[in-house]
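S.K.: Mind folding the following:
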Amino acid sequence: MSGIALALALGFGLAFAESGLGLGMVLPGETAVVVLAASMRSPSEMVALGVVVMFGASLGDHCGYLLGRRYGDSLRDTKVVRRLGQNHFDRASDLLRRRGGLAVFLTRLVPIVRTLTPAAAGASGLEYRRFAPASLAGSATWSTAYVGGGSVVAALTAITTDAFGRASWLLLVLLALAVVPVMIIRAVTGVRPVLAAPDVESLERDLGVTLRSSTFAPLAGDYRA
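M.R.: Numbers count the residues shown, from 1 in each chain. All right, here's what the predicted structure looks like:
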């Protein structure tokens, strides 16, 4: 299988899996589409990717819709929906009651909710003739947005490489490797650096002067808060 064929197959499969199987919690479809689009080498390849991603996403929507028609409201209590969040299912159901088929289109760019909206549409009894065009329109919008975003990333990468060369990219990668892990650890653990107050007695002894500890206390308090 050629490189472009593999990329198109991956684009279709990932778009389908996120919409129909809820894999967006593991690998957001937007990320995969942007990366694949950035690897395209010509406008025709970019258009082909956009088309297969659109149909993959819409086909995934149809799977969710059919599951909703088959199981109805009981789908809300399934393990998959509980994992994604029953509140998101309720949100989609409420929007469907107020907007009908338009909700399928409007939620396409909303993570998680877009995965549950087709199933909620089927469970709510939304007519297929209203669901299908909304799904295609939403999938086309989603595909255009992120395939287009990938093309922009590819263009910027080429410009940056020409301007700064590979050495600059190496520096950026090294900087990212140094900074990103720290940011992740701080985000997960909530740990912040804690600085101790200066040892005033040692300073007085070394400098031969008298210092007030209150001068430094606020500094320690700022870091310990």
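S.K.: Now do the same contact list for Ser58.
M.R.: For Ser58, the contact set (Cβ atoms under 8 Å, 6 or more residues apart in numbering) comprises Ser19, Ser135, Leu136, Ser139. For the C-beta atoms, the positions are set from N, CA and C on the backbone; glycine is no exception.
S.K.: one more time with 10 Å, if that's ok
M.R.: Going by Cβ atoms under 10 Å, 6 or more residues apart in numbering, Ser58 touches 15-16, 19-20, 108, 118, 132, 134-140, 142-143.
S.K.: And for Ala7?
M.R.: Met1, Val35, Leu36, Ala37, Ser39, Met40, Arg41, Glu45, Ala48, Leu49, Val52.
S.K.: Moving along the chain from the one helix or strand it maps to, name the first helix or strand you hit.
M.R.: Here Ala7, judged by DSSP states H and E, is contained in helix 3-21. Following helix 3-21 in sequence order, the next helix or strand is helix 29-38 (DSSP H and E).
S.K.: Map the structural domains onto the sequence of this structure.
M.R.: 3-158, 194-225 (automatic domain parsing).
S.K.: For Ser39, give me phi and psi.
M.R.: phi -90, psi -10 (degrees, to the nearest 10).
S.K.: And for Glu127?
M.R.: Per-residue torsions, Glu127: phi -60, psi 140 (degrees, to the nearest 10).
S.K.: Wait, it touches Val104, no?
M.R.: No. Counting by Cβ atoms under 10 Å, Glu127 stays clear of Val104, with 11.6 Å between them.
S.K.: Overlap in contacts, these two.
M.R.: Ala121.
S.K.: Looking at the two, which one has more neighbours?
M.R.: Between Glu127 and Val104, counting by other Cβ atoms under 10 Å, Val104 is the more crowded of the two (30 against 10).
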